[in-house]
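# Would you be able to build a 3D model of this:
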Amino acid sequence: MASDNLLTRLRGLSFVRTILPALAVIAIIIAVILVATGQPDRTQDGAAVAPPRASAAFGSAPTVAGSGVVEPSSEVIDIGTSLAGLVTRVYVTPGQQVEQGAPLFAVDDRAIRSQINEADAAIARAESARAAARTTLATAAQQLALFRNIDDPRAISRAELIDRQGAVQAARSQIAQAEAEIRSARAMRTSAQTDLGRLLVRAPIAAEILSVNIRAGEYISNGGPQGGGNSTPYMEIGNTRPKHVRIDIDENEISRVKIGSDAIVSPRGNADIRAKATFVRAEPLVTPKVSLTNSASERVDVRVLQLIYRLPEGSDFFVGQQVDAFVRAKGDDKAAPDAGATR
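Numbering: from 1, shown residues only. Next up is the predicted model:
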């Protein structure tokens, strides 16, 4: 009887007015529970170890921050060639130390050697012609002297005497022409010999080979790569003993910099490596900023003062590497003593 009453009541329930709202309420409760339990953990934990700062060596002294690039003390020297041709040999490899005048690479010299041989042959022909002209001059001079020593004017005609004088002058002209040809041929040989020496490209200074971008068998043009000023040079060298770092100081910070003071330099992204750099010079021209840190707050529409510093010997820096630098600021007259560079 009880089951029949329950069934009758269920049949009397309205789906729209009773069951559907109940299902909606249940769904809302389930959604609230899922949202409440599915939130990610947004609590923040402090750093286990605070990263060291490059300016820590200055203690509490005021500093000016800047970005920089490591470069050779001689700056980077782009090596080219004054004569075009095929590379026949490359004598150096990247990282190699060379002395001033050491050969770097050689260009095909067969055409120049042919010019030298032609000049030698021209010199030989001109010298032979000069020797023949001297012999002719000697003979003509003897005959002229013989004619002039004859006392009786009726023994020779006036025409014969003039002819002998003309022969002497002609022989002298031939000698002068031969000597001019010798000088011209020797000048051609000297020029070809100079070009031959230019085909062997040598190091202008004692330096380290930074990059080699040519191989034997490649064609190179005079003056540099055919792609223009932005193309990769054939070779790059520079004196890396010692290395320098070129630090850019934004123009709005220039007045704060203590020119001539030391600096602390760290590789980009590795502040626990610190090196104390010694001031070398300040570039007199303030230039547009080209060394960027890729920071979201960085301004690129500014000009910068470039400060050149010398890195200590044996420091772990490479040419072209970007660095973060901290330079002493004005008002640091009572600066705390340096804690020393850390590597």
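
# In this protein, where is pLDDT below threshold?
Residue ranges of the chain with pLDDT under 70: 1-17, 19, 39-59, 150-158, 161, 223-230, 291-300, 332-343.

# Go through this structure and flag its longest helix.
helix 158-198 (DSSP state H).

# For that helix, which helices and strands make contact with it?
helix 110-148 (3 or more CB pairs under 8 Å, 6 or more residues apart in numbering; DSSP states H and E). Using the backbone N, CA and C atoms, a C-beta is placed for each residue, glycine as well.

# Off-centre distance for the helix it packs on?
How far helix 110-148 lies from its chain's middle: 52 Å, per CA atoms, centre = their mean, to the nearest Å.

# buried sites along that helix?
Under the neighbour-count criterion of 16 or more other CB atoms under 10 Å, helix 110-148 has 112, 115-116, 119, 122-123, 126, 129-130, 133, 136-137, 140, 143-144, 147 buried.

# Which SSE is immediately downstream of the longest helix of the chain?
Counting by DSSP states H and E, the next helix or strand C-terminal to helix 158-198 is strand 200-202.

# So what are the sheet partners of the next helix or strand after that following strand and their directions?
Using DSSP H and E, the helix or strand that directly follows strand 200-202 along the chain is strand 207-212. Taking DSSP bridges as the criterion, strand 207-212 forms sheet pairs with strand 97-98 (antiparallel), strand 235-238 (antiparallel).

# Contacts for strand 207-212, please.
By CB atoms under 8 Å, 6 or more residues apart in numbering, the residues outside strand 207-212 that reach it are 72, 74, 76-77, 90, 92-98, 104, 232-233, 235-241, 319.

# among those residues, which ones are buried?
Counted by 16+ other CB under 10 Å, the contacts of strand 207-212 give 72, 74, 77, 90, 92, 98, 104, 233, 235-240, 319 as buried.

# Relative to Thr190, which of those residues is nearest.
Thr190 lies nearest to Leu104 out of those, by CB to CB, at 24.1 Å.

# Could you measure from the closest one over to Arg281?
To Arg281, Leu104 is 29 Å away according to CB to CB, to the nearest Å.

# can you check Ala122 too?
54 Å.

# same deal with Ser74?
Ser74 is 14 Å from Arg281, by CB to CB.

# swap in Leu196?
Taken as CB to CB, the span from Leu196 to Arg281 is 40 Å.

# and if you look at Arg125?
Counting by CB to CB, the gap from Arg125 to Arg281 is 59 Å.

# now Asp272
In terms of CB to CB, Asp272 sits 29 Å off from Arg281.

# before we move on, what about Gln115?
In terms of CB to CB, Gln115 sits 46 Å off from Arg281.

# remind me, longest strand of the chain?
strand 63-72 (DSSP state E).

# Name the strands paired with that one and say parallel or antiparallel.
Here strand 63-72 is paired, per DSSP bridges, with strand 243-250 (antiparallel), strand 322-328 (antiparallel).

# Report the separation between Leu83 and Arg198.
Distance of Leu83 to Arg198, computed by CB to CB: 6 Å.

# One more: Ser266?
In terms of CB to CB, Ser266 sits 44 Å off from Arg198.

# the more surrounded of these two?
More crowded of Ser266 and Arg198, by other CB atoms under 10 Å: Ser266, with 21 against 16.

# List phi and psi for that one.
Backbone geometry at Ser266, expressed as degrees, to the nearest 10, gives phi -130, psi 140.

# what's near enough to touch it?
Ser266 sits next to Ala54, Asp272, Ile273, Arg274, Ala275, Val323, Asp324, Ala325 when contact means CB under 8 Å, 6+ apart.

# Of those, which count as buried by neighbour count?
Of these, these count as buried by 16+ other CB under 10 Å: Ala54, Ile273, Arg274, Ala275, Val323, Asp324, Ala325.

# Ile214: which of these is nearest?
Taking CB to CB as the measure, Ile214 lies nearest Val323 of those, at 30.0 Å.

# So what sits opposite the closest one in the bridge?
The partner list for Val323 in beta bridges (DSSP bridges) reads Gly68, Pro267.

# what's the answer for the one 5 residues further on, then?
Under the criterion DSSP bridges, Arg328 forms beta bridges with Thr63.

# Quick check, it in contact with Ile259.
No. In this structure Arg328 lies outside contact range of Ile259 using CB atoms under 8 Å: 9.6 Å.

# Can you work out which other helices and strands pack against the helix or strand following the longest strand of the chain?
Towards the C-terminus, the helix or strand next in line after strand 63-72, according to DSSP H and E, is strand 77-79. Counting contacts by 3+ CB pairs under 8 Å, 6+ apart, strand 77-79 packs against strand 235-238.

# Off-centre distance for the strand it packs on?
6 Å.
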